[in-house]
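J.: Can you look at this prediction? I've put the sequence above it.
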Amino acid sequence: MIELKGCGTALVTPFKDGEVDYESYAELIDRQVDAGVDFLVPLATTGETPALSSEEKIALLKLTQGHAAGKPLLVGCGSNSVPGTLANMKLLEDCGADAWLVVVPFYNKPTQEGQYLYFKAVASSTDKPIIIYNVPGRTGANMAAQTCIRLAKEVPNIIGIKEASGKLDQVYEILDGAPEGFSVLSGDDDLTLEMMKHGAKGVISVASNIVPAAVKEMTGAALEGRFDEAEAVDAKLQPLFKNCFVESNPIPVKSALSIMGLMSAEVRLPLSEASSQTESTMRKTLEDLSLI
């Protein structure tokens, strides 16, 4: 079964005059591949997937596959119901997905037992590997470590979790209790290295849209136990990691990519474009990293 580790980039979706900017998207992927990232994550939170039509999702995933140069594709397909998630899988199953990224159901606020039964039902309906996505700041429900460990032990095609709870004690409990081969991936750029020091396998990164080679360098060094090298890169990137979240993701990262001349800063409602303060923050951050 596929193993996802190192640097995976949660790809933004560029827009121009209200439409998906497929040309800029293809160039974004080419830039990621050239930088050596380990896998790509289209159609997730950073890609503004809830604001995309079914036709746009299919076109974006096919384009990702065409430019991925064989990199594994971890594709976002989660919703807040079993039928909704399975419908997304059916829509996208022939477009190049190697594994599914399935978010803890949002808005419903499921119990731990409800989360367990939901992921068990979803996993039983696909032969592809599944990565759980735990991001309580967006969903309103946290997956407890013991629920994750239970799923990891009992459902063979649940192979990992993207942990974005910000709770390091919870992450460490998963790392201690999950079976061998289960991958914990950071969902918070600023916590990636700390998590990897305790056994996490990498990151699904927002910042790597901007600095793919640097995040790849950091995670690669950490995987090989070269933590002094990883710490040097991490220290340099911490301001970027934090500033990518001064407004709701992906508003700041799109602002930065626009400043770099790589795409428009445009987002889709209900998001709005970066404030002048965010734009100034991102410009200063890029200048400090000699990216502009």
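T.: Received it, and whenever you're ready, just let me know what you need. Residues are numbered from 1 along each chain as shown.
J.: Need phi/psi at residue 11.
T.: Main-chain dihedrals, residue 11, degrees, to the nearest 10: phi -70, psi 130.
J.: Give the closest residue to it in space, chain neighbours not counted.
T.: The shortest distance from residue 11 to any non-neighbouring residue, by CB to CB, 6 or more residues apart in numbering, is to residue 42 (4.9 Å). For every residue, glycine as well, the C-beta is placed using N, CA and C.
J.: Show me the helices in the stretch 151-292 of the chain, by range?
T.: 168-177, 192-197, 212-223, 227-243, 251-259, 276-288 (DSSP state H, counting those that start in this stretch).
J.: Same list (those helices) but as TSV, adding distance to residue 16, mean pLDDT and mean neighbour count.
T.: Converted to TSV, the helices of the stretch 151-292 of the chain look like this (distance: least, CB to CB, whole Å; pLDDT from 0 to 100; neighbours: other CB atoms under 10 Å):
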stretch	distance to residue 16	mean pLDDT	mean neighbour count
helix 168-177	38	98	17
helix 192-197	31	98	21
helix 212-223	22	98	23
helix 227-243	24	98	17
helix 251-259	11	98	24
helix 276-288	18	98	16
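J.: Quick check: which of those helices is nearest to residue 95?
T.: helix 212-223 (22.8 Å; CB to CB).
J.: which strands and helices sit next to that closest one?
T.: strand 6-10, helix 22-35, helix 192-197, strand 202-205, helix 227-243 (3 or more CB pairs under 8 Å, 6 or more residues apart in numbering; DSSP states H and E).
J.: closest one to residue 115 among those?
T.: Of the helices and strands packed on helix 212-223, nearest to residue 115 by CB to CB is strand 202-205, at 19.5 Å.
J.: Would you mind writing the CA trace of that closest one as CSV?
T.: Output of strand 202-205 as CSV, limited to C-alpha atoms (Å, rounded to 0.1, in the frame of the first residue of the first chain):
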residue,chain,number,x,y,z
GLY,A,202,5.9,14.7,7.2
VAL,A,203,3.5,17.5,6.5
ILE,A,204,0.6,18.4,4.2
SER,A,205,1.8,22.0,3.8
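J.: Contact partners for residue 20?
T.: 13, 14, 52, 56, 59, 60 (CB atoms under 8 Å, 6 or more residues apart in numbering).
J.: Contacts for stretch 49-67, please.
T.: 11, 13, 20, 22, 25-26, 29-30, 33, 40, 42-43, 47, 73, 75-76, 88, 91-92, 95-97, 268-271.
J.: one step back: pipe the helices and strands packed on helix 212-223 into CSV and attach distance to residue 84 per row.
T.: Output for the helices and strands packed on helix 212-223, formatted as CSV (distance: least, CB to CB, whole Å):
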stretch, distance to residue 84
strand 6-10, 21
helix 22-35, 25
helix 192-197, 30
strand 202-205, 22
helix 227-243, 32
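J.: and residue 254, which of these is closest to it?
T.: helix 22-35 (10.8 Å).
J.: What residues sit buried inside the closest one?
T.: Under the neighbour-count criterion of 16 or more other CB atoms under 10 Å, helix 22-35 has 24, 25, 28, 29, 31, 32, 33, 35 buried.
J.: Nearest to residue 194 among those residues?
T.: Nearest member of the buried residues of helix 22-35 to residue 194, counting by CB to CB, is residue 35, at 23.1 Å.
J.: quick one, what contacts that closest one?
T.: The neighbours of residue 35, taking CB under 8 Å, 6+ apart as the test, are 208, 212, 213, 216.
J.: If we use 10 Å, what do you get?
T.: Taking CB atoms under 10 Å, 6 or more residues apart in numbering, we find residue 35 in contact with 7, 9, 208, 211, 212, 213, 214, 215, 216, 217.
J.: what's the closest non-adjacent residue to it?
T.: Leaving aside its sequence neighbours, residue 35 sits nearest to residue 212 (CB to CB, 6+ apart; 3.6 Å).
J.: The one you found: what's it in contact with?
T.: 7, 9, 28, 31, 32, 33, 34, 35, 36, 37, 205.
J.: want to throw those residues into CSV with distance to residue 152 and pLDDT?
T.: Converted to CSV, those look like this (distance: CB to CB, whole Å; pLDDT from 0 to 100):
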residue, distance to residue 152, pLDDT
7, 22, 98
9, 24, 98
28, 32, 98
31, 34, 98
32, 28, 98
33, 30, 98
34, 34, 98
35, 31, 98
36, 29, 98
37, 25, 98
205, 23, 98
